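> take this sequence and fold it.
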Amino acid sequence: MIEKIYNDIVKETCLKYVHSSGVTVYMLPMEGYSSACAQVSVKFGSEDNSFSVNGGQIIDIPDGTAHYLEHKLFESEEKNAFELFAQTGASCNACTSFDYTKYYFSSADNFAKNLEILLGFVQDPFFTPENVEKERGIIGQEITMYRDSPNWRVFTNLLENMFALNPVRLDIAGTIESISRITDKTLYDCYNAFYNPANMYLCVAGKFDPDEVVRICEEKLQKRSPLTVRSTPYEEPLGVINKRVELVMPVAKPIFEIGWKRPLPKSGAMLCDFPEDYLYYNILFDVIFGGVSDFFERARESGLINEQFGQGLMYGRGFMFPFARGESDDPDAVLELLQEEICKFKKSPPPREQFDCVKRASYGTLVRVFNDVDSVATMLSESALSDTSPFCKIDLVAGAEYEKMLEKLSELDEENVCISIVKGE
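Below you'll find the model as predicted:
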């Protein structure tokens, strides 16, 4: 049975279908478009390095296992998935995040064939001691490349010094040492635990026939006994671990990342547990520090920041925090000014007109998502993974209230902050 989820704001209908295997499917046909995008997402990311299955004993795995598994799943005994997609003219790829792994393709033709390929290789793992060992050097080079990237290091150093126990503080790809302990058994154990149909989502957007998607799912999705997989809980302390961390690397101008740590409702909380926080902190930081704010104009005119400055909200399973990033000859002065600005707005709140302006801009940004097939598929995947409605964000923005933004402002502790800096030698 297909459930229709209609949104009166954007006048779009999302179709939801739960296959008998447990895989949840979201579909949004888009008239007038010539391509389609399909994404298979799994709730298994770098954070899931300690877990239990059906209430059994705790299983600890090496850091970077989810990313390693993503690499190896494309390979089969006969031909890898990249070669199969190349034959149909599709563009395919995958990514591993802190809390999920995603496999996807985009194509203008051969949609049915491409969907069959996608569902085929994500359900057919082929790990051997030889092919797992072969990948170790490739992933090791990737780890080294990222560790040589100032922009990546300034970000990971921020997480390492904000969080004490949350696994988000660990590098997604792991370390050279940790991946040396990954075996074919490790990958099969994780695949069998996390790649259970009840833990997987298929999201499709663009030009396609929903009945054809259902038919292919009925033919290709494999039924397996449902499992209950739980990542090991932790009690993350409220305060940041270190307020400041600095690293010397070859950069022309110092770069920085700043994060304000906040409490979450529970260990492993998802977006559905704090939807209003997501909305109002996004709007709030745009009001205070955005491109049309008084702060941005003053700081840029003084030369303290440049056009690289930006702010936003980072969130995932078990974490959500406002951030600011950019370049500056004096990052500590930027942080001091940002904290002063937060305190100033607490004493003298921003005008309602400024809130309304940012609210309209945020609304427009979300509406424009529906102009791009890949963006719509990603929106559906994010909603599925976070247990929220496909139109959750746009509904929240449409109903945003000025007074609630001020409540979030008063709750923000501007002193519970960490700054990560990378400066030149």
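
> CA atoms only: put stretch 390-408 into PDB for me.
These are the backbone C-alpha positions of stretch 390-408, laid out as PDB (Å, rounded to 0.1, in the frame of the first residue of the first chain):
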ATOM      1  CA  PRO A 390       9.800  14.800   4.100                       C
ATOM      2  CA  PHE A 391       8.400  18.300   4.400                       C
ATOM      3  CA  CYS A 392       9.500  18.900   8.000                       C
ATOM      4  CA  LYS A 393      11.900  21.700   7.500                       C
ATOM      5  CA  ILE A 394       9.700  23.800   5.200                       C
ATOM      6  CA  ASP A 395       6.800  23.300   7.600                       C
ATOM      7  CA  LEU A 396       8.900  24.500  10.500                       C
ATOM      8  CA  VAL A 397      10.200  27.600   8.700                       C
ATOM      9  CA  ALA A 398       6.700  28.500   7.500                       C
ATOM     10  CA  GLY A 399       5.500  28.400  11.200                       C
ATOM     11  CA  ALA A 400       8.600  30.000  12.800                       C
ATOM     12  CA  GLU A 401       7.800  32.500  15.500                       C
ATOM     13  CA  TYR A 402      10.000  35.500  16.600                       C
ATOM     14  CA  GLU A 403       9.400  34.900  20.300                       C
ATOM     15  CA  LYS A 404      10.600  31.300  20.100                       C
ATOM     16  CA  MET A 405      13.800  32.500  18.400                       C
ATOM     17  CA  LEU A 406      14.400  34.800  21.400                       C
ATOM     18  CA  GLU A 407      13.900  31.800  23.800                       C
ATOM     19  CA  LYS A 408      16.700  29.900  21.900                       C
END
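
> phi, psi for residue 325 please.
With angles defined as degrees, to the nearest 10, residue 325 shows backbone torsions of phi -150, psi 160.

> ok, it touching residue 254?
No: using Cβ atoms under 8 Å, residue 325 is not in contact with residue 254, being 11.8 Å away. For the C-beta atoms, the positions are set from N, CA and C on the backbone; glycine is no exception.

> quick check: buried residues in the host helix or strand of residue 276?
In the assignment (DSSP states H and E), residue 276 maps to helix 275-289. Of the residues in helix 275-289, those scored as buried under the neighbour-count criterion (16 or more other Cβ atoms under 10 Å) are 275, 277-289.

> output the contacting helices and strands for it.
The criterion is 3 or more Cβ pairs under 8 Å, 6 or more residues apart in numbering; DSSP states H and E, and the helices and strands that helix 275-289 contacts are helix 294-301, strand 310-316, strand 319-327, helix 331-347, helix 352-368, helix 392-398, helix 402-411.

> got those as JSON lines, with distance to residue 377 columns?
Rendered in JSON lines, the data for the helices and strands packed on helix 275-289 read as follows (distance: least, Cβ to Cβ, whole Å):
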{"stretch": "helix 294-301", "distance to residue 377": "33"}
{"stretch": "strand 310-316", "distance to residue 377": "19"}
{"stretch": "strand 319-327", "distance to residue 377": "23"}
{"stretch": "helix 331-347", "distance to residue 377": "35"}
{"stretch": "helix 352-368", "distance to residue 377": "15"}
{"stretch": "helix 392-398", "distance to residue 377": "15"}
{"stretch": "helix 402-411", "distance to residue 377": "30"}
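
> redo these as JSON lines? Include distance to residue 78 and mean neighbour count.
Conversion of the helices and strands packed on helix 275-289 to JSON lines gives the following (distance: least, Cβ to Cβ, whole Å; neighbours: other Cβ atoms under 10 Å):
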{"stretch": "helix 294-301", "distance to residue 78": "55", "mean neighbour count": "15"}
{"stretch": "strand 310-316", "distance to residue 78": "36", "mean neighbour count": "18"}
{"stretch": "strand 319-327", "distance to residue 78": "40", "mean neighbour count": "21"}
{"stretch": "helix 331-347", "distance to residue 78": "52", "mean neighbour count": "17"}
{"stretch": "helix 352-368", "distance to residue 78": "42", "mean neighbour count": "15"}
{"stretch": "helix 392-398", "distance to residue 78": "41", "mean neighbour count": "20"}
{"stretch": "helix 402-411", "distance to residue 78": "54", "mean neighbour count": "15"}
